[in-house]
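Novice: Model the following, please.
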Amino acid sequence: MSAASSGAAPAMASLRQQAGTWWRARTPRERQAVALVGLILAVFGVWSLLVQPALTTARSAPAQLDQLDAQYQQMQRIATESTALRAAPRVAPSQAQAALKAATDRLGERGRLVMQGDRATLTLSTGVSPEALRGWLAEARSGARARPVEAQLQRGALGYTGTIGVTLGAGS
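Specialist: Next comes the predicted model:
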């Protein structure tokens with residue numbers, strides 16, 4: 001390392017001497033022009049590296065904060081709903097099955113429900129709209145206290161097809 005630094009010092013001294021000679025050979029007007037170009041480059045460098053990124057961050061921060069606040073509020077609503085569902089009394093199996101059957105009947109021919117003990121499987125044979133599927137899941141969760149345990153859904157041009165498996169008795 002000392003060999004590299006000992007070789008660099010004379011090289012730097014030589015470069016400094018050449019720059020000084022070049023600078024003294026310039027006229028005062030040329031020196032002003034070179035200094036002005038150097039100042040412009042320095043201002044551009046400070047702007048590009050320090051000011052502009054901070055300004056961009058300051059401009060985009062309020063929108064990001066609003067988005068994060070909306071996500072936080074949605075998570076709070078979901079947490080409150082989850083707590084309320086956990087505290088809700090259990091639903092008798094016959095009532096849970098009736099609630100699932102009623103929710104499935106609203107889907108019409110697009111949905112078929114198969115009950116097997118405390119599990120139910122909804123088969124979506126033709127395209128079901130996202131709103132209808134969301135409504136079925138909400139009714140299954142609140143009316144039957146059912147919990148989705150598996151889903152195999154495909155989204156097509158007409159809506160969702162596939163299966164959703166739920167278990168009853170989520171209040172236990």
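Novice: show me where pLDDT drops low in this structure?
Specialist: Scanning the chain for pLDDT under 70 picks out the ranges 1-6, 170-172.
Novice: hey, where'd the helices end up in it?
Specialist: Using DSSP state H, the helices of the chain run over residues 2-24, 28-46, 52-87, 93-107, 130-143.
Novice: got those as a markdown table, with mean neighbour count columns?
Specialist: The way it works is simple: take the backbone N, C-alpha and C, and place the C-beta from them, glycine included. A markdown table is the format used below for the helices of the chain (neighbours: other C-beta atoms under 10 Å):
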| stretch | mean neighbour count |
| --- | --- |
| helix 2-24 | 9 |
| helix 28-46 | 10 |
| helix 52-87 | 10 |
| helix 93-107 | 16 |
| helix 130-143 | 16 |
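Novice: and of those, who's closest to residue 169?
Specialist: Taking C-beta to C-beta as the criterion, helix 93-107 is the member of the helices of the chain that comes nearest to residue 169, at 7.3 Å.
Novice: farthest residue from the center of this protein?
Specialist: residue 25 (60.4 Å; C-alpha atoms, centre = their mean).
Novice: How about the contacts made by it?
Specialist: Applying C-beta atoms under 8 Å, 6 or more residues apart in numbering, we find residue 25 in contact with no residue.
Novice: mind checking how far it is from residue 113?
Specialist: Distance, residue 25 to residue 113, using C-beta to C-beta, to the nearest Å: 93 Å.
Novice: Let me see the domain layout of the protein.
Specialist: 2-85, 93-167 (automatic domain parsing).
Novice: So residue 104 is in contact with residue 115, correct?
Specialist: No - under the criterion of C-beta atoms under 8 Å, residue 104 makes no contact with residue 115, lying 10.3 Å away.
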